[in-house]
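>>> pasting the sequence and the predicted coordinates here, then a few questions.
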Amino acid sequence: MKRFFGICLLLILLGDPVAGMVPNEGETIELQVLGEAFIVDGNMAQAREMAISDGLHQAVEQAVGSLVYSETRVENYQLIKDSIRLRSAGYVSGYDINNMWVEQNIYKVLLTVQVKQGAMLDDLEELRLNLKLAGDPRVSVRILASSSRLATGGMESILNDGLKRAGYNVVSSQSGAETDVLVLGEVSSEKLGSYQGLISCRVNAEINVVKTDTKEVLTVHHLQQTGVDLTETAAAEKALRQAGEKLLPILLTDLARNLTEPQELTVEITNASYQQLIALRRRLQETPMVEAVQLREYSGGKATITAETSLSAPQLADEIVGWNEFTLVINRVSQHKIELTVTFIK
């Protein structure tokens with residue numbers, strides 16, 4: 001039942017219905033995709049594995065798209081899709097290789113992939129809720145390079161633009177304005193080799209996400225990315241931009257989870273029998289984003305329940321009035337308390 005109401009809440013937040021029926025928890029779909037990878041230094045085995053991985057990513061991305069009615073009408077669609085794409089291995093239940101060939105130094109693999117849509121829908125729900133609940137923190141991005149020849153502007157722009165699109169209040173690291181969260185990165189690069197006039201370069205990045213008031217490090221990420229271009233500088237900058245694109249969905253997910261801290265809310269109930277109270281408590285436990293539901297007191301039809309949740313009191317009250325199996329009256333909602341009266345339970 002918790003899954004059923006979680007799906008309903010997801011569809012409300014998305015604003016438009018999913019095209020077709022919501023997939024069952026275990027539903028699997030099949031997709032045919034073409035994976036590609038550049039052959040580096042003649043390493044065919046590595047290129048084959050990278051092409052397969054690319055194909056699996058594409059299959060998951062297509063499956064995510066099929067769950068959403070319209071990309072242009074859903075806030076943060078692309079960012080949520082990217083976050084899901086990072087977890088692609090967990091959604092693939094199997095795949096078959098239909099064909100493999102090499103074309104202009106690119107290894108190509110035609111795959112039929114089985115994707116678990118039910119598990120994907122659970123994570124879409126979680127990510128969408130966390131992004132919505134993240135609030136309005138002021139975020140600043142600062143990327144420092146080990147060498148003055150390594151330009152970091154491309155990576156910073158990708159992160160800044162992505163954070164803005166997700167609704168965060170992004171302030172320039174050069175403005176001197178106060179921030180709540182600092183995304184601090186240190187990057188370096190190294191030349192790997194060259195092939196037919198193209199130079200391959202790898203960048204290493206360490207990214208720390210820090211709460212500026214307490215200096216607490218929320219998360220640390222280590223990334224490596226390879227770029228290929230005509231010059232070493234261009235290859236390194238391309239790798240940095242790709243690292244930024246790879247980091248962005250991870251960063252958004254971490255920010256939403258770390259900045260949405262659970263709080264304890266109190267629900268005071270009147271006119272409830274003990275049997276009705278047990279049903280209400282069970283239903284509250286099944287609500288997405290609600291944990292640790294405890295009955296604190298019951299006497300004469302009055303009860304006090306506490307719950308840990310990332311939802312605000314008004315958001316939880318909105319959930320409660322939507323419970324079709326109950327008829328309830330919300331009497332009062334404050335910052336940390338909901339007061340309600342039970343009139344009927346079906």
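It's in.

>>> flag the shaky bits of the chain, pLDDT-wise.
The chain contains residues with pLDDT under 70 at 1-26, 64-90, 118-136, 166-167, 256-262, 344-346.

>>> what ranges does it have for its helices?
Assigned by DSSP state H, the helices in the chain fall at 2-14, 44-67, 77-86, 117-133, 153-165, 232-259, 274-285, 313-321.

>>> which elements pack onto the fifth one?
The one in question is helix 153-165. Where contact means 3 or more C-beta pairs under 8 Å, 6 or more residues apart in numbering; DSSP states H and E, helix 153-165 is packed against helix 77-86, strand 138-145, strand 169-170, strand 181-195, helix 232-259. For the C-beta atoms, the positions are set from N, CA and C on the backbone; glycine is no exception.

>>> can you say which of the ones you listed is nearest to residue 315?
Counting by C-beta to C-beta, residue 315 lies closest to helix 232-259 out of the helices and strands packed on helix 153-165; the figure is 14.9 Å.

>>> quick one: buried residues of that closest one?
For helix 232-259, the buried set under the neighbour-count rule, 16 or more other C-beta atoms under 10 Å, comprises 232, 235-244, 246-259.

>>> which outside residues touch stretch 98-114?
With contacts defined as C-beta atoms under 8 Å, 6 or more residues apart in numbering, stretch 98-114 is touched by 28-39, 44, 47-48, 50-52, 55-56, 59, 92-97, 196.

>>> repeat that for stretch 303-319.
So stretch 303-319 is contacted by 9, 129-130, 133, 260-269, 272, 277, 280-281, 284, 287, 289-298, 330, 333-338 (C-beta under 8 Å, 6+ apart).

>>> mind running it again at 6 Å?
Identification of contacts with stretch 303-319 by C-beta atoms under 6 Å, 6 or more residues apart in numbering yields 133, 260, 262, 264-269, 277, 287, 289-297, 330, 333, 338.

>>> tell me the buried residues within these.
Buried among the contacts of stretch 303-319 by 16+ other C-beta under 10 Å: 133, 260, 265, 267-269, 277, 287, 289-290, 293, 333, 338.

>>> would you check which pair of the residues you listed lies furthest apart?
Farthest pair in those, by C-beta to C-beta: 260 and 277, 28.7 Å.

>>> just the buried subset of the contacts of stretch 98-114, please.
28, 31, 33, 35, 37-39, 47-48, 50-52, 55-56, 59, 92, 95.

>>> mind listing what's buried in stretch 206-213?
Residues of stretch 206-213 classed as buried by neighbour count (16+ other C-beta under 10 Å): 207, 209, 210, 211.

>>> mind saving the C-alpha coords of it as PDB?
Provided in PDB are the C-alpha atoms of stretch 206-213 (Å, rounded to 0.1, in the frame of the first residue of the first chain):
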ATOM      1  CA  GLU A 206      37.900  15.800  -6.100                       C
ATOM      2  CA  ILE A 207      34.700  17.500  -5.300                       C
ATOM      3  CA  ASN A 208      33.700  18.500  -1.700                       C
ATOM      4  CA  VAL A 209      30.300  19.700  -0.800                       C
ATOM      5  CA  VAL A 210      30.500  21.800   2.400                       C
ATOM      6  CA  LYS A 211      28.000  23.600   4.600                       C
ATOM      7  CA  THR A 212      29.500  27.000   5.100                       C
ATOM      8  CA  ASP A 213      28.100  27.800   8.500                       C
END
